[in-house]
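just the structure for this:
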Amino acid sequence: MRMFFFHIVNFRQTSKALLYILLLGTLFFSTGFTLPEKVENLLKQIPYLNKVLKKEKVPNELLEKTQKALEKAFWEGAPKFAPKPWQKAQDYFQKAQKALEEKNYRYTQFYLEKSLEWAKKAEEKAIKERKRQKIKAQEKLKKFLTLHSEIKKDPNWQIKIRLLEEFIKYEKFEEFEKEFKKIQEELKKGGQAPF
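From the prediction side, this is the model:
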């Protein structure tokens, strides 16, 4: 083995050295496999080859950009309103973190790009879904109030209607639906048509 590296370092047998370099290059560099540190140090002594063996840079900018995109998607409600794209973004980010720990920066960059892409999709879908649900709840409340105009005058019902409006305003759609069902049940008990 030492003889092998001796030939490469001194370039006495140039054709063999180049063949070995090409074989090593295709074997290790195309598969993403990293060389042991001792072998890497020996290969760095070879002129021109040290340019090929430069260490890859950690994609810090992409990492920060992806983290910000994930955070933004989270605050837009992606876990609730767009769970599938959000989960994919999270999965890719976890894979990127694992690749970063293993110092495999090519894979880190690939997974970060995928995570960023899915985080943006999750954010867009969450915004659309929130808008859709808000419009749906507003229309439902409006239709209900047109059918039961007498409710607006009663102070007990005004509080409940105000609560429904607040749920819509703060995008608490599940709570809106629960409270809306309670109001419908109360109207049924009172002998009125609920909706």
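
when you work out contacts or count neighbours from here on, use the C-alpha atoms and nothing else.
Will do.

residue nearest the centroid of the protein?
For the chain, the residue nearest the mean C-alpha position is residue 89 (2.5 Å; Cα atoms, centre = their mean).

quick one: residues contacting residue 183.
Counting by Cα atoms under 8 Å, 6 or more residues apart in numbering, residue 183 touches residue 160.

distance check, it against residue 159.
11 Å (Cα to Cα, to the nearest Å).

ditto for residue 134
Residue 134 sits 20 Å away from residue 159, going by Cα to Cα.

and those two? which has more neighbours close in?
For residue 134 and residue 159, the more surrounded residue by other Cα atoms under 10 Å is residue 134, and the numbers stand at 19 against 12.

before we move on, the earlier item: tell me the SS of the residue nearest to the centre of the chain?
Put simply, residue 89 is helix when judged by DSSP: H, G, I helix; E, B strand; the rest coil.

longest helix anywhere in the protein?
helix 105-147 (DSSP state H).

for it, what is the distance to the chain centroid?
Offset of helix 105-147 from its chain centre (Cα atoms, centre = their mean, to the nearest Å): 13 Å.

right, and the helix or strand after it?
Once the chain leaves helix 105-147, the next helix or strand it forms, by DSSP states H and E, is helix 155-169.

residues in contact with that following helix?
For helix 155-169, using Cα under 8 Å, 6+ apart, the contacting residues are 134, 137, 138, 141, 151, 152, 173, 175, 176, 179, 180, 183.

can I get the residues you listed in JSON lines with pLDDT?
Converted to JSON lines, the contacts of helix 155-169 look like this (pLDDT from 0 to 100):
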{"residue": "134", "pLDDT": "95"}
{"residue": "137", "pLDDT": "94"}
{"residue": "138", "pLDDT": "94"}
{"residue": "141", "pLDDT": "92"}
{"residue": "151", "pLDDT": "78"}
{"residue": "152", "pLDDT": "77"}
{"residue": "173", "pLDDT": "92"}
{"residue": "175", "pLDDT": "93"}
{"residue": "176", "pLDDT": "93"}
{"residue": "179", "pLDDT": "93"}
{"residue": "180", "pLDDT": "92"}
{"residue": "183", "pLDDT": "88"}
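
and these, which of them are buried?
The neighbour count (16 or more other Cα atoms under 10 Å) marks 134, 137, 141, 151, 173, 176, 179, 180, 183 as buried among the contacts of helix 155-169.

the residue nearest to the centre of the chain and residue 66, how far apart?
9 Å.

which regions of the protein sit below the pLDDT cut-off?
1-35, 37, 39-55, 191-195 (pLDDT under 70).

care to break the protein down by domain?
2-52, 60-127, 148-189 (automatic domain parsing).

show the end-to-end separation of the shortest one, please.
Here the two ends of domain 148-189 are set 15 Å apart, with distance taken as Cα to Cα.
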